[in-house]
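# Have a look at this prediction, sequence included:
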Amino acid sequence: MKRVAVLGAAGRMGIAVCTAVSGAPDLELVAAVDPVAAGRSLGEVAGVLAGPSEISGSIDSVTQAGAEVVVDFTVAAAALENLRWCAEHGVHVVCGTTGLDERSLEAVRGWFSSSANAVVAPNFAIGAALMMRCAELCAPFILAAEVVELHHDKKRDAPSGTSIETIRRMQAARLESAAGDWAPDPTENEVLPGARGAQAEGGIHVHSVRLPGLLAHQEMIFGLQGETLSIRHDSFDRASFMPGVLLAIRRVSDLPGLTIGLGELLGL
Ligand code: NAP
């Protein structure tokens, strides 16, 4: 049995992870950490009866409980601190928290060079990993691309980590090919500031929608001469992220250093 601790255990994703881990026959939930729910029963907060009876307010409970793998679904600033703590304490990490920028990820890469490994993925849904791979394959063949990402109304960061990672990979694929620059933006007069969205790597435009009723969705629109191609992924339930999270928990100890995204774990 692999011993697992969950950070952010009282959050929306943390609750889903506690449930998934406690239902997996080869995994044992040994610690649940979330300052906002410290001292409360895991059963009451997450409906999980297996595992620790109480949610802890301190990350120290990870080593006290002998956890081998930590799963982090918290907020970016906390996740960065948690990642460093895990590297210092030799505990492997699966991190799904978004909002970590390039500089932070470079720091994480340095921390996880010897004592422990980390898998950091902005999206653990298998369909989202396939979507990103498709976008990468399309990038050399299209003239221009825009990304619309749509999320629930409690999401704290924008644009989404998934959109940033998708665009980073598209831009890398574009640069590796002989395709040249993207078609220029024709906008001369942005009548309302922000109408064209934010510009990510390569100047690719990304538009963030936040609405009640949504969970996590992304549509990529690719423009070619006289035609467009759209690729869309929809997560309708947090259950969509769990197969990827469980896969990463099972594999992280075999993947040296920092692994970004699910692609390598899926052989994509
Ligand atoms: P959430 O409901 O706000 O949950 C985050 C929880 O972490 C909150 O209870 C928060 O407490 C707690 N927390 C804050 N600092 C902490 C710390 N130092 N130690 C332990 N817990 C701490 O958010 P969510 O919807 O679950 O999303 C969490 C993260 O996962 C976000 O970054 C989101 O974008 C990301 N996400 C990733 C995927 C993926 O597949 N990778 C999928 C969905 C969401 P407070 O409320 O007191 O801050």
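Sure, I can see it. Only a predicted model underlies this, so the values are computations on that prediction, with no experimental measurement involved. Numbering: from 1, shown residues only.

# drop to CA atoms for contacts and neighbour counts, all remaining ones
Noted.

# my guess is Arg168 contacts Gly203, does it?
No: using Cα atoms under 8 Å, Arg168 makes no contact with Gly203, being 10.7 Å away.

# Okay, and Leu175 sits in which element?
helix 161-176 (DSSP states H and E).

# what's that helix packed up against?
helix 126-138 (3 or more Cα pairs under 8 Å, 6 or more residues apart in numbering; DSSP states H and E).

# Could I get the buried residue list for the helix it packs on?
Ile126, Gly127, Ala128, Ala129, Leu130, Met131, Met132, Arg133, Ala135, Glu136, Cys138 (16 or more other Cα atoms under 10 Å).

# Could you do stretch 101-109 as well?
Val108, Arg109.

# does any part of that stretch sit near the ligand?
No: Stretch 101-109 does not reach the ligand (Cα under 6 Å from any ligand atom); its nearest approach is 12.1 Å.

# again with stretch 3-18
Yes: counting by Cα under 6 Å from any ligand atom, the ligand is contacted by stretch 3-18 at Leu7, Gly8, Ala10, Gly11, Arg12, Met13, Gly14.

# Make JSON lines from the residues you listed and add pLDDT and neighbour count to it.
Listed next are the residues of stretch 3-18 next to the ligand as JSON lines, based on pLDDT from 0 to 100; neighbours: other Cα atoms under 10 Å:
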{"residue": "Leu7", "pLDDT": "98", "neighbour count": "30"}
{"residue": "Gly8", "pLDDT": "98", "neighbour count": "28"}
{"residue": "Ala10", "pLDDT": "97", "neighbour count": "25"}
{"residue": "Gly11", "pLDDT": "97", "neighbour count": "17"}
{"residue": "Arg12", "pLDDT": "96", "neighbour count": "13"}
{"residue": "Met13", "pLDDT": "97", "neighbour count": "22"}
{"residue": "Gly14", "pLDDT": "98", "neighbour count": "22"}
